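[1] Give me coordinates for this.
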Amino acid sequence: IDLAFIENGYIYHTKYDTADRILTDSIQRAGDNILGVLKYLAKSDNLAKSYEYRHGNVVFFDILGMFVLAYPARVGAILNYVITALAVLYLGKKILQPRKRVPCAAQEAEDPPMFWRALAAVERKPLEDLVAALEFSVNYLKELAIAFFIIVLGWLTTLLGILIVAVFISLIGRSLSWYTHFYVSIFLYGTATLAKLIFVHSWIKKSHYKNTNEQFLGEVFFDVSLVFWSIMLALFTYLGFCSAFVSAIWVAFPLLTKLMTYKEFKEKGATMKFLLIYLLGMFVPCLYVMYLSWIAYEMVIPIMGRTGSEVPPDVLVASSVVVSSIVLSSYFLNFIYIARSTKKTVLTLTTVFAVAFILVCSGVFFPYSSDLTNPRPKRIFLQHLSRRFHELNGHLAKSDSGIWINGLDYGGMSHVTPHIPELNDTIRTKCEEESPFCGLPWILPVNHLFRKNWYLPAPVLIPKASIQFQLLSREQMPWDATKLTFEISGEISAHAFSLWIITFQ
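    Predicted coordinates for the structure are as follows:
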């Protein structure tokens, strides 16, 4: 059983990573889980007769951290397909519903002969009714396709705009402003995402749908979201993804909500009753996605402090905030088309974004924190090296010694140089193209993520005890490589041994 405490990943592998910083409740819960599993295995005959309990893959997920729900994947597949079928049935009935021109009872009372002539005319024209129904279906499908294109266009333009902001912030050296203050990413990228989405759809409403009925637009854009999530549900289920249950939530609850509010919305429009029922129906899927997003951010944000110098972390975080906002707003885009005006909403969101943007660009939000109760340290890796470069014939090509410095995040040494002027770009190392890993002793092959390295010349490292190092054999491999076998003796750590191996050619 592998248990990991994901909270406060900022201190992993640092001097602050001590047992007393793990919450007592978390330790207790981990112990309860282990004890419960062991007791169940000890009392159950599942292990002795495991062939009788084969269920294949299992779908399991927790409900807001309170309990775990689990069921066989095949049961989940059936459930997912049933939910998809219900969505298809709803959409099919809506698209193919008949449009018959039947005279009303009032006409019969006012003019009986005219009523029966009209009824006879209707009966003589079944073909025209069929054509009218097909025409309505084709037009509605066309509107769905146009609305789907508009939604995707809104997503792409929003993502592009937010990425431009993230790249700009990275270029001016203000990345990781949200590292200690996560709420900054919401005020900076979340508000901009919502403002851009609302603005795009409001503009399309005024330009493309200027004379279109607002209730009809509300129906169309809800149905488009339902179609999208139904496709995702069917696709993920077909591919065997156990996480398809998330898509199932985003089909089942909105569909049930729609059925509960359909009559109210059709007869009276967007009333307070409709709004209340709609929000209550969307509460469960929105709450669960926010819960999953929070868990993901709690794991990912600390990792951004050690992802290397090549990938701008603001781009990754901005993209994830955009995706979360798109998912959460997918069934609320129809509100833009039934609302009288969105100017105040867009203005408020834009103002919040502008204030956050100015504060971030001015450097108000420092990425790191030295608060001992809740530290957010900057990670810097220093290694004292003595390098000797040998050719394949054993000839010593060159040698040097120094302190190899890695800033593990995108900021590199930019926050350190003002305090230690010696650590500046003048001592940046250049890649030794003819040497493996650019001539630097990487223990793991992550050199492509850390292309910015600093090398400060220092005296030769002299071990306390003598170390004997000998080449035992050289073998040419079939894949155009040479295998060198070494023998090393003396007091030396495995870490140093790894350094010796990877610095030789």
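[2] residue contacts, the residue lying closest to Val321 once chain neighbours are set aside?
    With CB to CB, 6 or more residues apart in numbering as the measure, Tyr189 is the residue that lies nearest to Val321, at 4.2 Å, once sequence neighbours are left out. From N, CA and C alone the C-beta is placed, and that goes for glycine too. With contacts taken as CB atoms under 8 Å, 6 or more residues apart in numbering, Tyr189 has the following neighbours: 162, 165-166, 317-318, 321-322.
[3] One more: Lys142?
    By CB under 8 Å, 6+ apart, the contact set of Lys142 is empty.
[4] Need the per-residue pLDDT for it.
    Per-residue confidence at Lys142 stands at 90 (pLDDT).
[5] Over to it: give its phi and psi.
    Main-chain dihedrals, Lys142, degrees, to the nearest 10: phi -60, psi -40.
[6] quick revisit: any idea which of the contacts of Tyr189 is closest to Ala356?
    Within those, the smallest distance to Ala356 is 10.3 Å, found for Val165 (CB to CB).
[7] and Leu156, that one's in a helix?
    Yes. Counting by DSSP: H, G, I helix; E, B strand; the rest coil, Leu156 is part of a helix.
[8] Could you tell me how far it is located from Arg451?
    Between Leu156 and Arg451 the distance is 30 Å, computed by CB to CB, to the nearest Å.
[9] Quick one: end-to-end length of stretch 360-370, please.
    The stretch stretch 360-370 measures 20 Å between its terminal residues, going by CA to CA, to the nearest Å.
[10] pLDDT on it, on average?
    In the prediction, stretch 360-370 has an average pLDDT of 92.
[11] The residue nearest to Val321 should be in a helix, yeah?
    Yes. Inclusion of Tyr189 in a helix is indicated when three-state DSSP is applied.
[12] show me where pLDDT drops low in the stretch 401-505 of the chain?
    Confidence mapping of the stretch 401-505 of the chain against pLDDT under 70 gives the ranges 491-505.
[13] Please repeat the previous calculation with a cut-off of 50.
    Low-confidence regions of the stretch 401-505 of the chain, defined here as pLDDT under 50, cover residues 494-505.
[14] Which parts of it are strands?
    Chain-ordered strands for the stretch 401-505 of the chain, with DSSP state E, counting those that start in this stretch as the definition, fall at 454-457, 468-477, 481-489.
[15] thinking again about what came up before, which one (most neighbours) among the contacts of Tyr189?
    With neighbours set by other CB atoms under 10 Å, the maximum within the contacts of Tyr189 is found at Ala318, which has 27 neighbours.
[16] Could you check how far the closest residue to Gln476 other than its chain neighbours is from Ala77?
    Excluding the flanking residues, the one nearest Gln476 by CB to CB, 6+ apart is Thr482, at 5.8 Å. Between Thr482 and Ala77 the computed distance is 52 Å (CB to CB).
[17] Which secondary structure element of the chain has the lowest mean pLDDT?
    Lowest by mean pLDDT, DSSP states H and E among the helices and strands of the chain is helix 105-110, with a mean of 41.
[18] would you list every one of the helices in the stretch 1-150 of the chain?
    Counting by DSSP state H, counting those that start in this stretch, one finds helices in the stretch 1-150 of the chain at the ranges 24-43, 73-95, 105-110, 112-123, 126-171.
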